[in-house]
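**Q** Sequence and predicted structure below; questions after.
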Amino acid sequence: MAADVATMRIGDREASGSPSGRFRIESVDLLRGIIIVLMALDHVHDFFGTLGANPTDLATTTAPLFLTRWITHFCAPVFFLLTGTGARLALQRLSKNELSRFLLTRGLWLLFLEVVVMRFALQFNLDYRVTIITVLWALGWSMIVLAGLIRLPDWAIVAFGVILVAGHNLLDGIQGSAFGSLAPLWSVLHAPGFLINTPRHVVFVAYPLIPWLGVTALGYALGRAYRWNDGRRRALLLRLGAGLVAGFVLLRLLNVYGDPFPWSVQKSPLWTLLSFIDTSKYPPSLLFLLMTLGPALLLLRVVDGGVPRWLRPALTIGKVPLFFYVLHFYLIHLLAVAACYLRFGSVDGMFRSPDLGHFPFTAPAGWAASLPVIYLLWAGVVLALYPLCRWYAGLKRRRRDWWLSYL
């Protein structure tokens, strides 16, 4: 996720150069940019939709709302995969010792961003009564763990990733309460739950580490393919992507393993399909990861030969994803504050810590916007941030100040 982690020296092949002679893989940046833009849709809905509602609950959702949430499922898996891939690409310019230090420091920085900068972006207060630990936490720890994993041979890193991704659903039946006072550790590793739960302070871990560590490790192994010739790399991306999609369909049809919630026949073919693709994200099940990473790899193959002109703005955003990520939360929350004041004449609930059922803030009755309005707001957020992303990407291309790598 660190913005310059994919920078590398690879000659002219599928790269965009800079005056300093450093290059980036455009297909990787493009995929990252597409995904971060999709993530913004999810977060606009978090602030302007029905707070606390589950858009993938087939008993209460609509098909458009379900699919709006479902398409954003691709975001987190791709981020973790490309975090690992970018780390491997960085070996083109860093030694393993330098890369290990890089991953360690960037991982610690992401942990700080999660619990300080992003926590404030979500709630606009510093009381820490309610804190939800999300994606930057897991990304930070993934980078820290990868800092040690890169010392191992590739086969061991792949084995580590496969075991965690394919095998973690075997642990679904284990409850955190079985560990007594160590139950919070189980929430950190596998099952979402409370790290702290007292009358004064609540810390809830939404992104357990085990599956995400595995995805990052596999992304690191994938990065090796970017040292191969074009034909060999593209064949690998095609085979992996198609294989993961086929594996998802077959395993999901069997309904025996890979997700704690089986699919079932519904009232119509459309709703049966929605049930089929309704897989568990918290933690990401094996089927969830097959469903999202397979198409992502196929898309990576499609754009491997070059970036279409109409997707260049997404490429620009993909060069500065952390910059966009931080700013878009603040912008969305500020828009919500403005909307609340204009509609209801009060913004008090926007600055108070909510309960977990109404996160990220306590909204007044009648708050939820319609889905078309949410899409319009999403477009507005992306368009508003694009000039800033373009400026910052240009700054990073022209300069090499150490602090630029932190955002």
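**A** Sure, I can see it.
**Q** looking at the chain, which residue ends up farthest from its center?
**A** Ranked by distance from the centre of the chain (CA atoms, centre = their mean), the top residue is residue 345, with 34.9 Å.
**Q** and the gap between that residue and residue 377?
**A** Going from residue 345 to residue 377 by CB to CB, to the nearest Å gives 21 Å. In short, each C-beta sits where N, CA and C put it, glycine included.
**Q** likewise residue 46?
**A** As defined by CB to CB, residue 46 lies at a distance of 12 Å from residue 377.
**Q** Which residue of those two possesses the greater neighbour count?
**A** residue 377 (21 against 18; other CB atoms under 10 Å).
**Q** residues near the nearest residue to the more buried one once chain neighbours are set aside, how many?
**A** Spatial nearest neighbour of residue 377, chain neighbours left out: residue 44 (5.1 Å); criterion: CB to CB, 6 or more residues apart in numbering. When neighbours are defined as other CB under 10 Å, residue 44 has 27 of them.
**Q** Helix or strand for residue 44, just tell me which one.
**A** Residue 44 is part of helix 26-48 when elements are defined by DSSP states H and E.
**Q** And the average pLDDT for that helix is what?
**A** Regarding helix 26-48, the rounded mean pLDDT is 96.
**Q** swap in stretch 203-215?
**A** 96.
**Q** And for stretch 99-117?
**A** The average pLDDT for stretch 99-117 rounds to 96.
**Q** Kindly report the same for stretch 328-338.
**A** On average, stretch 328-338 scores 96.
**Q** Show residues contacting it.
**A** 40, 43-44, 47-48, 118, 121-122, 124, 347, 350, 360-361, 377, 381, 384-385 (CB atoms under 8 Å, 6 or more residues apart in numbering).
**Q** same thing but 6 Å
**A** Applying CB atoms under 6 Å, 6 or more residues apart in numbering, the contact partners of stretch 328-338 are 40, 43, 44, 47, 121, 347, 350, 381, 385.
**Q** who wins for most neighbours among these?
**A** When neighbours are counted by other CB under 10 Å, residue 44 leads the contacts of stretch 328-338 with 27 neighbours.
**Q** I figured that one hits residue 378, correct?
**A** Yes - judged on CB atoms under 6 Å, residue 44 makes contact with residue 378 at a distance of 4.5 Å.
**Q** Provide a list of residues in contact with residue 127.
**A** Counted by CB under 6 Å, 6+ apart, residue 127 has contacts residue 353.
**Q** ok, it to residue 356 distance?
**A** With the distance defined as CB to CB, residue 127 ends up 15 Å from residue 356.
**Q** Ok, residue 403 next?
**A** The spacing between residue 403 and residue 356, counted by CB to CB, is 35 Å.
**Q** The two: who's more crowded?
**A** The neighbour count for residue 403 versus residue 356, taken as other CB under 10 Å, is higher for residue 356 (12 against 7).
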